[in-house]
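Chemist: return a 3D structure for these sequence lines:
(one chain, ligands or ions: 3)
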Amino acid sequence: MQPNGSSPASTQIVANGSSPAIIEHKAYARIGLLGNPSDVYYGRTISLNIENFWASVRLQPSADLLIVPHPNHDLVKFDSVSQLVNRLETEGYYGGVRLLMATCKVFTNYCKEQGIHLHNNNFSLSYDTNIPRQTGLSGSSAIVCATFSCLLDFYKVRDKIAVEIRPQLILNAEKELGIVAGLQDRVAQVYGGLLYMDFNKESMDKNGYGNYTQLDTSLLPPLYLIYAENPSDSGKVHSAVRQRWLDGDMFIISSMEKVANLALEGKKALLEKDYSKLAILMNQNFDLRRQMFGDAALGALNIEMVEVARRVGAASKFTGSGGAVVAFCPDGPSQVELLNDACKKAGLSIVPVKVVPSLLSEVDIRAQSSIHHPST
Ligand SMILES: Nc1ncnc2c1ncn2[C@@H]1O[C@H](COP(=O)(O)OP(=O)(O)O)[C@@H](O)[C@H]1O
Ligand SMILES: O=C(O)[C@H]1O[C@H](OP(=O)(O)O)[C@H](O)[C@@H](O)[C@@H]1O
Ligand SMILES: [Mg+2]
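Modeler: Ligands and ions are numbered 1, 2, ... in the order given. All right, here's what the predicted structure looks like:
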C-alpha cells in the first residue's frame with residue numbers, strides 16, 4: 001500500500017448486497033509536536049495526525065475467527081537462515097498480529113466488564129500499513145486504533161464506548177504486550193486533527209483520561225517530516241527512563257515537568273502564531289529528551305537526523321521515541337530548500353506534513369460525554 005496524494009477517507013464501510021458488511025478503518029501516523037514523551041508521565045503534549053501515512057484494518061464476517069498474518073510484516077517463510085537472522089536483527093521478532101489479538105482481548109473484556117452485549121458472530125481481521133515501521137510515528141497504535149474502530153462497528157457499540165476512554169483501551173492493548181507507551185498517540189488517532197492534551201494526575205486518576213482540546217489546524221506553520229529506515233523499539237527505549245521515574249529519580253521527574261511545560265507554552269505560541277517561539281520550544285524538547293535518555297539509547301542515526309536539520313537552522317525534534325523527526329524552517333522557503341538538500345545528501349527521506357482534519361463522526365461526538373466513564 002502506498003500513500004496517495006488525495007485526502008484519504010477515515011472510514012469506509014462496504015455493504016456487499018445482502019451478505020454481511022465488510023468493515024474497514026484507517027488510522028493515521030501521528031507527530032508529537034511538543035511535550036512528548038511527558039504524556040507517559042502525567043504531562044502535556046501537542047500532537048497531530050498526518051495524511052502522509054496510515055494503517056488500515058479490514059474486518060470480514062466469517063465462520064471461524066481468523067487473525068490474518070501480514071505477508072510482509074508477519075513473515076514466517078524465509079529463503080535462508082541468514083535472511084531470517086537479518087530480518088530479526090533489523091525488525092525484531094514481532095509484526096502486527098499480536099496487536100490485533102491484544103485489541104480483541106482488551107475490547108471484549110472491557111465490554112464484558114461494562115455489561116455491553118456483544119453478539120456471537122465471528123470475523124476475519126487483516127491489516128496493512130505504510131507507516132514506516134517503528135520510527136516513532138505510532139505505527140503500532142495506528143494498527144490497534146484501526147482494529148478498535150472495526151470492532152466498534154462490527155458489534156455496533158460506537159455509541160456505548162465514550163470517545164474519551166477509547167485511547168486508554170487502545171493503550172491497554174499495547175500494555176497487555178508489555179510495551180511501555182503513553183496516551184498521546186492514541187488520543188491523536190482517535191480524535192484526528194491538531195490536539196492539545198493535558199494528562200494531569202488529578203484528571204487521570206478521577207476520570208481515567210486527560211483534558212483534550214482540538215486546535216485549529218490552520219495555526220500550524222509548514223512542517224516537514226524526516227525519516228530513515230531505522231527501526232527502534234519504542235517500548236525498549238522507554239523502559240529505563242520509566243523505571244527511573246518510578247524510582248523517584250529527581251532529574252527525570254523535573255525534566256519531564258519541563259517537557260510538559262513546553263506543550264503549555266507551545267499552545268500559547270501557536271495561538272499567537274509566534275513561530276520563533278515555537279522553534280525554540282521544539283529544540284528544547286529534543287535537548288531535554290537527549291539529556292534524559294542518553295545518546296546510546298537514542299541512537300547515532302536518530303541524533304544525526306535532528307542535527308542535519310539544525311545545521312541549516314531548522315528547529316527539529318523526534319516525532320515519537322525515535323526514527324522520525326519533525327522539522328520547522330523559521331526562515332521560510334530558502335531554508336526549506338537547504339533542508340531538502342541536506343536530507344538528500346544524508347540519505348534521509350523528507351516530506352511536507354499534511355495534517356488530517358478531525359476524525360470524529362456525529363455518533364462519536366454524541367458518545368463524548370453522554371456516557372458514564374468509569375476509570376479504565
Ligand atoms: N509497521 C508495522 N507493521 C507491523 N507491526 C508493527 C509495525 N510497527 C509496529 N508494529 C508492532 O508494534 C510494536 C511496537 O512498535 P513501536 O516500537 O511502538 O513502533 P511505532 O513507533 O511505529 O509505534 C512492534 O514490536 C510490532 O509488534
Ligand atoms: O517517546 C515518545 O515521544 C513517544 O513514544 C511512543 O510512541 P512511538 O510512536 O511508539 O515512538 C509512546 O507511545 C508515546 O506515548 C511517547 O510520547
Ligand atoms: Mg508505538
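
Chemist: CA atoms for contacts and neighbours, from now on please.
Modeler: Noted.

Chemist: residue numbers of the stretch 201-350 of the chain in contact with ligand 2?
Modeler: 234, 320, 321, 322 (C-alpha under 6 Å from any ligand atom).

Chemist: from the chain's centroid, how far away is stretch 209-217?
Modeler: The gap between where stretch 209-217 is centred and where its chain is centred comes out at 15 Å by C-alpha atoms, centre = their mean, to the nearest Å.

Chemist: span of it from start to end?
Modeler: Stretch 209-217 has an end-to-end distance of 23 Å (C-alpha to C-alpha, to the nearest Å).

Chemist: in that stretch, what's buried?
Modeler: Buried positions in stretch 209-217, judged by neighbour count with 16 or more other C-alpha atoms under 10 Å: 209, 210, 212, 214, 215, 217.

Chemist: can you check stretch 242-257 too?
Modeler: Buried, per 16+ other C-alpha under 10 Å, within stretch 242-257: 242, 245, 252, 253, 255, 256, 257.

Chemist: contacts for that stretch?
Modeler: 37, 38, 41, 43, 241, 288, 292 (C-alpha atoms under 8 Å, 6 or more residues apart in numbering).

Chemist: what's the closest of the residues you listed to ligand 3?
Modeler: Using C-alpha to the ion, residue 37 comes nearest to ligand 3 of those, at 11.8 Å.

Chemist: correct me if wrong: that closest one contacts residue 320.
Modeler: Yes. Using C-alpha atoms under 8 Å, residue 37 is in contact with residue 320, at 7.4 Å.

Chemist: now residue 312: how far from ligand 1?
Modeler: In this view, residue 312 and ligand 1 are 26 Å apart by C-alpha to the nearest ligand atom, to the nearest Å.

Chemist: same check on residue 201?
Modeler: Residue 201 is 23 Å from ligand 1, by C-alpha to the nearest ligand atom.

Chemist: for that residue, the count of nearby residues, please.
Modeler: As a burial measure, residue 201 scores 15 neighbours (other C-alpha atoms under 10 Å).

Chemist: next one, pLDDT for it please.
Modeler: Residue 201 carries a pLDDT score of 96 in this model.

Chemist: identify the farthest-apart pair in the buried residues of stretch 242-257.
Modeler: For the buried residues of stretch 242-257, the maximum inter-member distance is 14.0 Å, found between 242 and 257 (C-alpha to C-alpha).

Chemist: who's in contact with residue 293?
Modeler: Per C-alpha under 8 Å, 6+ apart, neighbours of residue 293: 237, 241.

Chemist: okay, domains of the chain per the record?
Modeler: Following the assignment in automatic domain parsing, the chain carries domains at 11-218+356-366, 219-352.

Chemist: for the residues of the stretch 201-350 of the chain next to ligand 2, which one is nearest ligand 3?
Modeler: residue 234 (5.8 Å).

Chemist: any idea how far ligand 1 is from the closest one?
Modeler: Taking C-alpha to the nearest ligand atom, one finds residue 234 at 4 Å from ligand 1.

Chemist: list the contacts for the residue nearest to that residue when sequence neighbours are not counted?
Modeler: Leaving aside its sequence neighbours, residue 234 sits nearest to residue 321 (C-alpha to C-alpha, 6 or more residues apart in numbering; 5.7 Å). Counting by C-alpha under 8 Å, 6+ apart, residue 321 makes contact with 37, 135, 136, 234, 237, 238.

Chemist: mind listing which of those residues are in strands?
Modeler: Per DSSP state E, strands hold no members of these.

Chemist: number of residues surrounding residue 63?
Modeler: 10.

Chemist: picking that back up, what about the residue nearest to residue 234, distance to ligand 1?
Modeler: 7 Å.

Chemist: got it, and residue 238?
Modeler: 10 Å.

Chemist: burial count for that residue?
Modeler: When neighbours are defined as other C-alpha under 10 Å, residue 238 has 19 of them.

Chemist: kindly report the same for residue 261.
Modeler: With other C-alpha under 10 Å as criterion, residue 261 counts 20.

Chemist: which SSE is immediately downstream of the host helix or strand of it?
Modeler: Remark: residue 261 resides in helix 250-271, with elements defined by DSSP states H and E. Next along the chain after helix 250-271, taking DSSP H and E as the criterion, comes helix 275-293.

Chemist: pull out the buried residues from the lengthiest strand in the chain.
Modeler: Ranked by residue count and defined by DSSP E, the top strand of the chain is strand 44-61. Residues of strand 44-61 classed as buried: 44-61 (neighbour count, 16+ other C-alpha under 10 Å).

Chemist: tell me which other helices or strands it touches.
Modeler: Counting contacts by 3 or more C-alpha pairs under 8 Å, 6 or more residues apart in numbering; DSSP states H and E, strand 44-61 packs against strand 19-34, strand 123-129, helix 139-154, helix 184-191, strand 194-198, helix 250-271.

Chemist: could you find the closest non-adjacent residue to residue 178?
Modeler: residue 235 (7.8 Å).
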